[in-house]
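Mind looking at a prediction? Sequence and model below.
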Amino acid sequence: MAYHLSAAKLQTYHRCAQSYYFRYERGIKTAAFFGSASLGTALHEALAQIYRDWHYQDPIPGLDWVEYCWSQHTQGLSPTQVTDGQVMLQRYHERFMASQTAIARPVAVEGKIQGSLQVENLEFTLAGRYDRLDYLADGLELIDYKSNKDTKLLDPAEMNLQIGLYYLALEQTYPQTLRRLSLIYLRTGENISFEVTPEHKQRVESAIGDLALRLRTDAAWEPTTGGHCDRCTYARYCPGVQAEPELLPMDAKPRPELQLALSLALDSAS
């Protein structure tokens, strides 16, 4: 039986094992905030078309090409969203295209990654997605577009886990090694890059091994208390927050049985 683990799930586990247990092992529903998800999807699709369908006979695509691609993905958006998206892509063109001597064809856009991993005598199947993958002189750069309104403060430990997951998957898919992960925030034009080293791989292997052992032995999912507890949907059930926590809801999944195979899906919520 496959066990699906995303970068976001592994980051949740790192933040608080009890929260991970409530959300993923017991399936307790949490409030969802969709915000401008439809706008984000349209932006991702437009950027994929910009790089995928450009003929690369000229050094730089013109702004007219960017705006044409955007016009192909605006169906269902409000007039305000269409305008917001156009402004973001104009800024993107100015900062990441027009400022370059030339742009190179990416390795791939909106690609998938597959691989496998053996940890603690368990077989993990790795699968994931990325927005864009570029060649560097000494390896690969993975680009992740972010369209959310707020630039979240990045927890270094959680970013290390995400980077390690991509490293593991990509090294089995491409002969080149992942050297850099870049987050491009479309609303601000900010680019935050992280240099990737084999240490990222070692850290994520250790984290996955710890999670695998917990899954196999049904060990205690201890809460990790902190400032994040104020925003946690599961605080009412948590013994780390409540002296008398509520019982889990009736529709919670039963305790899972022993897992023998795990599948990692590296998803990027943008």
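Structure received. Residues are numbered from 1 along each chain as shown.

ok now the longest strand along the chain, how far from the chain's centre?
Assignment by DSSP state E gives strand 122-136 as the longest strand of the chain. Here strand 122-136 is found 11 Å from its chain centre; the criterion is C-alpha atoms, centre = their mean, to the nearest Å.

tell me which residues in that strand are buried?
Neighbour counts over strand 122-136 (16 or more other C-beta atoms under 10 Å) mark 122, 124-128, 130-134 as buried. All C-beta atoms are positioned from the backbone trio N, CA, C, and that covers glycine.

can those residues go into JSON lines with extra columns for pLDDT and distance to residue 173?
Listed next are those as JSON lines, based on pLDDT from 0 to 100; distance: C-beta to C-beta, whole Å:
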{"residue": "122", "pLDDT": "69", "distance to residue 173": "21"}
{"residue": "124", "pLDDT": "73", "distance to residue 173": "15"}
{"residue": "125", "pLDDT": "73", "distance to residue 173": "13"}
{"residue": "126", "pLDDT": "73", "distance to residue 173": "9"}
{"residue": "127", "pLDDT": "70", "distance to residue 173": "10"}
{"residue": "128", "pLDDT": "74", "distance to residue 173": "9"}
{"residue": "130", "pLDDT": "92", "distance to residue 173": "10"}
{"residue": "131", "pLDDT": "96", "distance to residue 173": "16"}
{"residue": "132", "pLDDT": "98", "distance to residue 173": "15"}
{"residue": "133", "pLDDT": "97", "distance to residue 173": "10"}
{"residue": "134", "pLDDT": "98", "distance to residue 173": "15"}
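
Mind picking the one among the residues you listed that's closest to residue 246?
Taking C-beta to C-beta as the measure, residue 246 sits nearest to residue 122 out of those, at 33.3 Å.

Tell me which strands the longest strand of the chain pairs with, and in which orientation.
strand 108-119 (antiparallel), strand 139-146 (antiparallel), strand 261-266 (parallel) (DSSP bridges).

how about the ones you listed, which one is nearest residue 48?
Nearest to residue 48, of the strands paired with strand 122-136 and by C-beta to C-beta, is strand 108-119 at 4.4 Å.

Run through who's touching that closest one.
With C-beta atoms under 8 Å, 6 or more residues apart in numbering as the test, strand 108-119 has contacts from 44, 47-48, 51-52, 123-133, 166, 168-173, 205, 208-209, 212, 264, 266.

6 Å - rerun?
With contacts defined as C-beta atoms under 6 Å, 6 or more residues apart in numbering, strand 108-119 is touched by 48, 51-52, 124-130, 132-133, 169-170, 172-173, 208-209, 212.
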